[in-house]
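**Student:** give me coordinates for this.
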Amino acid sequence: MDTQGLTRIASLSDRPQAMSAAVQAGPLLHVSGQIAQPSGADGLPYSTKDQLAYVLNNLDTIFQSAGTDRTNVAKLTCYLTDQADMSILRDGLTEWFGSTRPAVTAVVVSGLALPGLTIEVEAIALVPDKN
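**Tutor:** Predicted coordinates:
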């Protein structure tokens, strides 16, 4: 915890980052936008469905690091580069969350941080009190 009472979760990438993967402020965990980052010569996962799976796995890892899980997600903001991928997002989130239904905003944008990215997801989750 730093002097402002914030707990920062380090980036999942082994590359230098200008941001934290997440910051906990009180009981709320604010997760930075997660993308399918290129891994070595493999490059980006090809399909939006594959990129979404990669992003959701990142979210699970971050949640676990902070002492919470996907059942405590209050809000997702999802950015897609193609309106046609909305059904992939909806189906993927339905499968991932099961009966849990957080608030979700989905926005179609003209581009994301890296060429080839088709989806980015940020989250706000509750971190349960451990007492």
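**Student:** what separation do you get for V121 and G5?
**Tutor:** 26 Å (Cβ to Cβ, to the nearest Å). Using the backbone N, CA and C atoms, a C-beta is placed for each residue, glycine as well.
**Student:** need the contact partners of stretch 67-80.
**Tutor:** Here stretch 67-80 makes contact (Cβ atoms under 8 Å, 6 or more residues apart in numbering) with 28-29, 33, 48, 59-60, 63, 86, 89, 93, 96-97, 100, 102-109, 112, 118-128, 130.
**Student:** which stretches of this protein form strands?
**Tutor:** Under the criterion DSSP state E, strands of the chain are mapped to 6-9, 22-25, 28-34, 73-80, 103-108, 119-126.
**Student:** any idea which of those is most buried?
**Tutor:** Among those, the stretch with the highest mean neighbour count (mean count of other Cβ atoms under 10 Å) is strand 119-126, at a mean of 22.
**Student:** can I get the strands of the chain in JSON lines including distance to A53 and mean pLDDT?
**Tutor:** As requested, the strands of the chain are exported to JSON lines (distance: least, Cβ to Cβ, whole Å; pLDDT from 0 to 100):
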{"stretch": "strand 6-9", "distance to A53": "21", "mean pLDDT": "72"}
{"stretch": "strand 22-25", "distance to A53": "19", "mean pLDDT": "93"}
{"stretch": "strand 28-34", "distance to A53": "12", "mean pLDDT": "96"}
{"stretch": "strand 73-80", "distance to A53": "14", "mean pLDDT": "98"}
{"stretch": "strand 103-108", "distance to A53": "17", "mean pLDDT": "98"}
{"stretch": "strand 119-126", "distance to A53": "10", "mean pLDDT": "98"}
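**Student:** quick one: which of the ones you listed is nearest L52?
**Tutor:** L52 lies closest, by Cβ to Cβ, to one member of these: strand 119-126, at 5.5 Å.
**Student:** got the angle between that closest one and strand 28-34?
**Tutor:** Taking axes from the mean of the first three to the mean of the last three Cα atoms, to 10 degrees, one finds strand 119-126 and strand 28-34 inclined to each other by 170 degrees.
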